[in-house]
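**Q** sharing a model that was predicted from the sequence below.
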Amino acid sequence: MSTGKEAKQRLRRAKLTERRSLSAAEIRKGSEAIAAYFCAWPEYRQAKTVMLYLAMADEPQTAALVEDAWKSGKQVAVPLMGAAYGIMEAAALDGWDELVAGRLGLKMPDPAKCRLIEPSALDLIVVPGVAFDAAGGRLGMGAGYYDRFLPKAGQACRLGLAWSLQVVTAVPVDEYDVRMDYLLTENGFLPPAGGRP
């Protein structure tokens, strides 16, 4: 096992422990702050097709972002995990009633009924993670779903969404790890070095 892999696993364990220690009130308050920043953000306001993740209980919550996008007339896409491990696609989401229980109990569009959206049609992708740094580095859960998907949507602006406690000095990255253009926490935006102006 490489030291890089060990470093990632150590950081992942530490940050997941911290994230899971947040109270429901902290998650609610932080998510409301994130939603306020996000919904006023010019990159989001001008985007026509936005891909958002469906949050786990301890992640920044995205339901308000989805609702705002619908209200603003945007096309919303969410991740659809494929049958193959580590592979995902973007599926249109036009209403909460289109979701079913998916892998690990996570909500996802019904694979039998959903409409796929080409990655090249996405303007903005909101990306979850376990840890981020100011250079746009991201540490995910380790399955590589986003690192395989994001290069197919090279035109899209990539926004990492996280709690401030998940921002570290440097995330250990490999050559296949995709960097974020921006990072948003409950304290506001952090444009990574080398990100979009």
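**A** Here it is on my side, so go on. Numbering: from 1, shown residues only.
**Q** check contacts around the nearest residue to residue 133 once chain neighbours are set aside.
**A** Nearest non-adjacent residue to residue 133, counting by Cβ to Cβ, 6 or more residues apart in numbering: residue 171, 4.6 Å away. For the C-beta atoms, the positions are set from N, CA and C on the backbone; glycine is no exception. The contact partners of residue 171, by Cβ atoms under 8 Å, 6 or more residues apart in numbering, come to 11, 131-133, 137-139.
**Q** from what I can see residue 101 touches residue 107, true?
**A** Yes: Residue 101 lies in contact with residue 107 (Cβ atoms under 8 Å); the separation is 6.7 Å.
**Q** strand partners of the lengthiest strand in the chain, parallel vs antiparallel please.
**A** If you go by DSSP state E, the chain has its longest strand at strand 75-81. Partner strands for strand 75-81, per DSSP bridges, with pairing direction: strand 49-51 (parallel), strand 88-92 (antiparallel).
**Q** what mean pLDDT does that strand get?
**A** Here strand 75-81 scores 95 as its mean pLDDT.
**Q** quick check: buried residues in that strand?
**A** The neighbour-count criterion (16 or more other Cβ atoms under 10 Å) identifies 75-81 as the buried residues of strand 75-81.
**Q** now, among those, which is nearest to residue 125?
**A** Closest approach to residue 125 among the buried residues of strand 75-81 (Cβ to Cβ): residue 77, at 8.5 Å.
**Q** what helix or strand does the spatially closest residue to residue 35 that is not a sequence neighbour sit in?
**A** Spatial nearest neighbour of residue 35, excluding adjacent residues (Cβ to Cβ, 6+ apart): residue 64 at 4.2 Å. Taking DSSP states H and E as the criterion, residue 64 maps to helix 63-71.
**Q** then that helix to PDB, C-alphas only?
**A** Provided in PDB are the C-alpha atoms of helix 63-71 (Å, rounded to 0.1, in the frame of the first residue of the first chain):
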ATOM      1  CA  ALA A  63     -32.700  20.200  -0.900                       C
ATOM      2  CA  ALA A  64     -33.000  24.000  -0.700                       C
ATOM      3  CA  LEU A  65     -30.600  24.300  -3.700                       C
ATOM      4  CA  VAL A  66     -32.700  21.900  -5.700                       C
ATOM      5  CA  GLU A  67     -35.900  23.700  -4.900                       C
ATOM      6  CA  ASP A  68     -34.400  27.100  -5.900                       C
ATOM      7  CA  ALA A  69     -33.100  25.700  -9.200                       C
ATOM      8  CA  TRP A  70     -36.600  24.300 -10.000                       C
ATOM      9  CA  LYS A  71     -38.100  27.700  -9.000                       C
END
